[in-house]
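Trainee: prediction below, plus the sequence it came from.
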Amino acid sequence: MIETNDLSKQFNNDFWAVDGVTLNVQPGKILALLGQNGAGKTTTVRMLTALLRPSRGWARVAGFDVTQKPQEIRANVGVLTEQHGLYMRMTGDEYLEFFGKVYGLDPQARKRRSDYLLQYFGLAEAAQRRCGEYSKGMKQKLALARALMHDPAVLLLDEPTSAMDPESSRLVRDEIARLRSSQRTIIICTHNLAEAEALADSIAIIYRGRILLNGTLDELKRVVLGPVEYEAKFAQDFDAGELDLPQGVTLASRSADSLRFRVEAPQAANPTLVHALASRNAPLISFQEVPRKLEQVYLKTMADAQGVAYAA
Amino acid sequence: MRPNTSTIWMVAQREFIDQFRDWRIVVPMFVLVTLFPFIADDTTRQAVNFMNRFGGSLILDHLIPFVVLVIGFFPLSFTLVVALESFVGEKERGTIEPLLSSPIEDRHMYLGKLLVGITTPLVFSYASIGIYLILVSHRNVQFPSPYMLTLILLLTFAHAVLMVSSAIVISVQATTIRAANLLASFVVVPVAFLLQGETVLIFWGNEDVLWFAIVGVTLLATLLVRLGLSHFRREYLLGREIDTINFKWIGRTFLNRFKGQATSVVEWYRTELPLTLRQLRQPLMIVVGLTVIAGIASYMWVITNVPAYIDLTPERIDQFKTFIADNLTNLDSLGEQLPAPVLFYHNARTTVAFLLLGLVSFGTLGLTLFVGNIALVGGVLGAAHLVGYSPLLAFAAGILPHGIFELSAIILATAAMLKVAAQLVTPQPDKSLGETLLLSLADWCRIFVGIVLPFLAIAAVIEIYVTPLLIKLVFPYL
């Protein structure tokens, strides 16, 4: 589990890279940390791995305080850093073997984990080749294998699928999902919003060191983009006239063959709404939620933070 | 966690693999290490021929040990790059973060890299020396004794530890390999000077004196290793991306420490200065102890050993007395020849020199200079005794009046310098090396400005205007 309160980091005694970050990620959950370059994601992760000492606030990772028990934290956390950080003159096999030793695994466990991870990520055939000869995607996969080598309780992954082809990305996403189901606590820092949307249980958006938003995707959509919108699509032009809308429903927009409603409580209001349309003999062919993407949430949040207009 | 030595070896082993798989490191090293002995051998041949023709047995007898020392130094200087980039290189290549995120303890990581840094140049150094000795063994020259060779191999080892430990300190502090390489001259140049000094010792002919160099260099190297270990922190490696000098912060931090909580000069003297003085208790005891030991030891050495070198007949003593009297005839006009401000400036400069020497040598050179000065005083009193003057009267009239202030000031300044050096090699968990240095210097400045400068000013006035009168009063026949 990861817990932080008012976690802050100041550099050179004047610049706050991270300012008052409060997070809570439970075992079996994934938090996606989103933000521009330089927003404070890497600094936050470095504090969570006990690489940087917080200037203010506290953080507990895998049950250990980052300032009191840094060694225990490092032993229980798997980190995929911004740069893959491979030793180019070591073979893939040697590299995992080295980090297995670093994390105190016995020779059998090292061999077992190394074989499994190389096999899983499709690197078994390249295991005897030097890392310098790997493609970008292979390097990224090997770096991820390194982070998973000691089967850590907490994973902090910075851009886990960057530079990977779609098949490899899928492979990594599947592995992350499997780790979630085995009760690992995971934080992903990413610019890939589709990936965050697909994997994360909750999302935090960080801007200039401060968390602007933190919650589930649905909560974020509701907070940033307003209530959910539903679209009623008609077989032909239909004049709905003045509809008697249930409480908590407003008409968002209308066109000749469709109507869009903003609904506060869909479960309560939607049956009444559909009934109202049907009672007017509306040639209804579909009634469904208007899809809203994380990208919209993110871009609107950023536009608001920077004080510029958001172009939907 | 794994046992300590195996963790250190694990870090070192990986570095060895990385290093010896890089032909750009291995090939030049191999070529240079094998090439130098051949060049040195040929130079030896020519030097021997030259000296056999024109004489110079003193040089000829000590030529091989000298060349062995130089041959050992070359590989150290060019393999220094391995140590120089040990941390900053990994940082620049992005490989340091996974390592720092692992549970390897700081000191194990540091010692692992230190081990590689020392072993590689040392192996090349000894290999180079070995090749040279094999080549030169066929020549008709005096081969150095096993004792001399052992001393030189030990000295080469001490050089390796000194250079590598400095290089690793640089590697931790620098943010780019380029900066680290530029800073390397601060390692190579002083060690080259040191080598020249050691060469003088070799040609001087007294092999045992080399032990002083071995002990001195080893002490300095040990202090550097301790400095590196004390200030090596993961945060420092990752906390800075570029080197920036924040003058505002430097000024603010220094002034805040210097001023403390005081709002006026009187309050500063009443509350802040005593605080710093209390912190000086330990170094002060060391310096006072050394003052007494050096003074007495030097006095005793002069009165017991000088008569063995100089035959002190009554005529000779009279000659000395006349010489002293001739040199002290101008005591009345001392103030015109040596104005008090000049003397004050000279003494103040000396205390600053103690600090500067202490900074580059973790206190050892500053302390040596101080002990040398005290020994000089003891020696002068011993000489006074030998020519028949009372050393106590000479001390009471010629040194004590101004010495109360001057010696106190210099003892305090030396203790403060020692404190700065001790702070540098002591772990400071929440401070960077720069911050530690800054705060220590502010403490030193408190003592320097608050006590040393006023005391030296008073001492200069007394020395120029009062001490000569007292000397004339006590020794009217001068």
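Mentor: Looks like it arrived, so ask away.
Trainee: all contacts plus neighbour counts: C-alpha atoms, from now on.
Mentor: Noted.
Trainee: show me what residue of chain A gets nearest to chain B.
Mentor: Closest to chain B within chain A is residue A:85: 3.8 Å, counting by Cα to the nearest Cα.
Trainee: residue B:461: how many residues sit nearby?
Mentor: For residue B:461, the count of nearby residues is 18 (other Cα atoms under 10 Å in any protein chain shown).
Trainee: surely it meets residue B:335?
Mentor: No - taking contacts as Cα atoms under 8 Å, residue B:461 lies outside contact range of residue B:335: 9.0 Å.
Trainee: any common contacting residues for these two?
Mentor: Common contact partners of residue B:461 and residue B:335 (Cα atoms under 8 Å, 6 or more residues apart in numbering or on different chains): none.
Trainee: close to chain B: what parts of the stretch 1-150 of chain A are there?
Mentor: By Cα under 8 Å from any Cα of the partner chain, the part of the stretch 1-150 of chain A that sits against chain B consists of A:11-13, A:49-53, A:71-72, A:74-75, A:79-81, A:83-87, A:89-90, A:98, A:101-104.
Trainee: now these: which count as buried?
Mentor: Neighbour counting over the residues of the stretch 1-150 of chain A next to chain B (16 or more other Cα atoms under 10 Å in any protein chain shown) leaves A:49-53, A:71-72, A:74-75, A:79-81, A:83-87, A:89-90, A:98, A:101-104 as the buried ones.
Trainee: list the residues that contact the residue of chain B found nearest chain A.
Mentor: The minimum distance from chain B to chain A, using Cα to the nearest Cα, falls at residue B:95 (3.8 Å). Residue B:95 sits next to A:83-87 when contact means Cα under 8 Å, 6+ apart.
Trainee: just the pLDDT at it, thanks.
Mentor: At residue B:95, the pLDDT value in this model is 90.
Trainee: quick one: it and residue A:52, what's the gap?
Mentor: As judged by Cα to Cα, to the nearest Å, residue B:95 and residue A:52 stand 17 Å apart.
Trainee: can you check residue B:16 too?
Mentor: For residue B:16, the distance to residue A:52 - Cα to Cα - is 29 Å.
Trainee: tell me where the stretch 151-300 of chain B has strands.
Mentor: For the stretch 151-300 of chain B, no strands turn up when DSSP state E, counting those that start in this stretch is the criterion.
Trainee: again, but for chain A
Mentor: For chain A, applying DSSP state E gives strands covering A:2-11, A:15-25, A:30-35, A:56-61, A:64-65, A:77-80, A:154-158, A:185-189, A:202-207, A:210-215, A:228-234, A:249-255, A:258-263, A:284-289.
Trainee: so which elements touch the third one?
Mentor: In this case it means strand A:30-35. Counting contacts by 3 or more Cα pairs under 8 Å, 6 or more residues apart in numbering or on different chains; DSSP states H and E, strand A:30-35 is packed against helix A:41-48, strand A:185-189, strand A:202-207.
Trainee: can you say which of these is nearest to residue A:272?
Mentor: Judged by Cα to Cα, the one of the helices and strands packed on strand A:30-35 that comes nearest to residue A:272 is strand A:202-207, at 31.4 Å.
Trainee: just checking, residue B:421 touches residue B:356?
Mentor: No - Residue B:421 is not in contact with residue B:356 according to Cα under 8 Å; the separation is 10.5 Å.
Trainee: what about these two, which has more around it?
Mentor: Taking other Cα under 10 Å, residue B:421 and residue B:356 do not tie; residue B:421 has more neighbours (25 against 16).
Trainee: near chain A, which residues of the stretch 1-150 of chain B?
Mentor: Checking the stretch 1-150 of chain B against chain A by Cα under 8 Å from any Cα, the hits are B:1-2, B:7, B:10, B:14, B:17-18, B:21-22, B:93-98, B:100-105.
Trainee: same thing but at 6 Å, please
Mentor: B:18, B:94-95, B:101-103 (Cα under 6 Å from any Cα of the partner chain).
Trainee: same question for the stretch 151-300 of chain B.
Mentor: Applying Cα under 6 Å from any Cα, we find that the stretch 151-300 of chain B lies next to chain A at residue B:235.
Trainee: show me where the stretch 151-300 of chain B has helices.
Mentor: For the stretch 151-300 of chain B, helices defined by DSSP state H, counting those that start in this stretch occupy the ranges B:177-183, B:185-204, B:210-231, B:234-239, B:247-259, B:265-267, B:273-279, B:281-309.
Trainee: deepest of these, which one?
Mentor: Most buried of the helices of the stretch 151-300 of chain B, by mean neighbour count (mean count of other Cα atoms under 10 Å in any protein chain shown): helix B:210-231, with a mean of 20.
Trainee: can you list the residues that contact that helix?
Mentor: B:155, B:158, B:161-162, B:165, B:169, B:425-427 (Cα atoms under 6 Å, 6 or more residues apart in numbering or on different chains).
Trainee: kindly export stretch A:226-246 (C-alpha atoms) in CSV.
Mentor: Provided in CSV are the C-alpha atoms of stretch A:226-246 (Å, rounded to 0.1, in the frame of the first residue of the first chain):
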residue,chain,number,x,y,z
GLY,A,226,-20.0,17.8,-15.6
PRO,A,227,-22.8,15.2,-15.3
VAL,A,228,-23.0,12.3,-17.7
GLU,A,229,-24.6,12.9,-21.1
TYR,A,230,-27.0,10.5,-22.8
GLU,A,231,-27.9,10.7,-26.4
ALA,A,232,-31.3,9.6,-27.8
LYS,A,233,-31.0,8.9,-31.6
PHE,A,234,-34.1,8.8,-33.7
ALA,A,235,-34.8,6.9,-37.0
GLN,A,236,-35.9,10.1,-38.7
ASP,A,237,-36.4,13.8,-37.8
PHE,A,238,-38.4,14.1,-34.6
ASP,A,239,-39.8,17.2,-33.0
ALA,A,240,-39.8,16.4,-29.3
GLY,A,241,-41.4,19.8,-28.4
GLU,A,242,-41.4,20.7,-24.7
LEU,A,243,-40.4,17.5,-22.9
ASP,A,244,-41.4,17.0,-19.3
LEU,A,245,-37.9,16.1,-18.0
PRO,A,246,-37.4,14.2,-14.8
